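S.K.: for reference, the sequence and a predicted model appear below.
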Amino acid sequence: MTSQASASRDDILLALLKAARVVPVITIERTEDAVPLARALVAGGVRTLEITLRTAAAVGAAEAIIAQVPEAVVGIGTVLTPLDLARAKALGARFALSPGATPELLNAAAETDLPFVPGIATASELMAALVRGFGVYKFFPAQQAGGIPALRALGGPFPQARFCPTGGVGEANAAEWLAEPNVVAVGGSWLCPAADIRAGNWDKITTLARRAMQ
Ligand code: 3PG
């Protein structure tokens, strides 16, 4: 992929994440929960969703949301291998995210036009992604890897880098992260508690989403 192509891939990501501001990290155990969950989030104003490849139901869940909830902007998360990335593209996901940045995954992602957010927690990981043309990163696990002071420190040598911090971000600290100039969006699982998905508490999830968007 040319550097022009990687720049436009990042432009797409930046537009998408800046519009989103909050990206729920979603783990779906039962395929039938996918559509009502996505509708509940969309009803609360949260349209950009990360469906993680952590369960057997994940692929079917993402397919169902893409087919039945056109307002949702679906990204595939927990992309660990080139095969996961190919699966995300085949599903019709709009973007993909990883908790990490292995050379194999970065090389595969550099060859596709699917906007990709590698996960980084250190300068070396960021540099491995940067040399392959990636400029938007998931800072993971954000809180545990040093929180806002660590992100500010990374902003020194990498002033152009833009981040979506995830891991330990929640209602109590999302606004603080979003106030950082190099943060374009935050991610987290707090909008979709497993117990509420299991119980079908869709109104509560809409309320959580609405609160997050405020
Ligand atoms: C992720 O994969 O991004 C994290 O599991 C989300 O972290 P959280 O559960 O602390 O929000």
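M.R.: Happy to help now that I have it. Residues are numbered from 1 along each chain as shown.

S.K.: wait, L114 touches A86, no?
M.R.: No. Counting by CB atoms under 8 Å, L114 does not reach A86; the two are 9.2 Å apart. (C-beta placed from N, C-alpha, C; glycine too.)

S.K.: between the two, which has more neighbouring residues?
M.R.: More crowded of L114 and A86, by other CB atoms under 10 Å: L114, with 21 against 15.

S.K.: would you put the C-alpha positions of the helix or strand of the chain with the lowest mean pLDDT in PDB?
M.R.: Every helix and strand of the chain was ranked by mean pLDDT, DSSP states H and E. The lowest is helix 3-20, at a mean of 89. Taking C-alpha atoms only, helix 3-20 is exported to PDB below (Å, rounded to 0.1, in the frame of the first residue of the first chain):
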ATOM      1  CA  SER A   3       1.900   6.200   1.700                       C
ATOM      2  CA  GLN A   4      -1.000   8.100   0.100                       C
ATOM      3  CA  ALA A   5      -3.300   5.100   0.600                       C
ATOM      4  CA  SER A   6      -2.300   4.700   4.300                       C
ATOM      5  CA  ALA A   7      -2.800   8.400   4.800                       C
ATOM      6  CA  SER A   8      -6.400   8.200   3.400                       C
ATOM      7  CA  ARG A   9      -7.000   5.100   5.500                       C
ATOM      8  CA  ASP A  10      -6.100   7.100   8.600                       C
ATOM      9  CA  ASP A  11      -8.200  10.100   7.400                       C
ATOM     10  CA  ILE A  12     -11.200   7.700   7.300                       C
ATOM     11  CA  LEU A  13     -10.400   6.500  10.800                       C
ATOM     12  CA  LEU A  14      -9.900  10.000  12.200                       C
ATOM     13  CA  ALA A  15     -13.200  11.200  10.800                       C
ATOM     14  CA  LEU A  16     -15.000   8.100  12.100                       C
ATOM     15  CA  LEU A  17     -13.500   8.200  15.600                       C
ATOM     16  CA  LYS A  18     -13.800  11.900  16.000                       C
ATOM     17  CA  ALA A  19     -17.500  11.600  15.200                       C
ATOM     18  CA  ALA A  20     -17.900   8.700  17.600                       C
END
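
S.K.: quick one: that helix to chain centroid distance?
M.R.: Computed by CA atoms, centre = their mean, to the nearest Å, the chain-centroid distance of helix 3-20 equals 13 Å.

S.K.: contacts made by that helix with the rest, please.
M.R.: 1, 23, 46-48, 73, 94-95, 110, 113-117, 132-136, 162, 164, 184-185 (CB atoms under 8 Å, 6 or more residues apart in numbering).

S.K.: what residues sit buried inside that helix?
M.R.: 6, 9-10, 13-14, 16-17, 20 (16 or more other CB atoms under 10 Å).

S.K.: ditto for stretch 206-214
M.R.: 206, 208-209, 212.

S.K.: export the residues you listed to TSV and tack on pLDDT?
M.R.: Formatted as TSV, the buried residues of stretch 206-214 follow (pLDDT from 0 to 100):
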residue	pLDDT
T206	98
L208	97
A209	98
A212	95
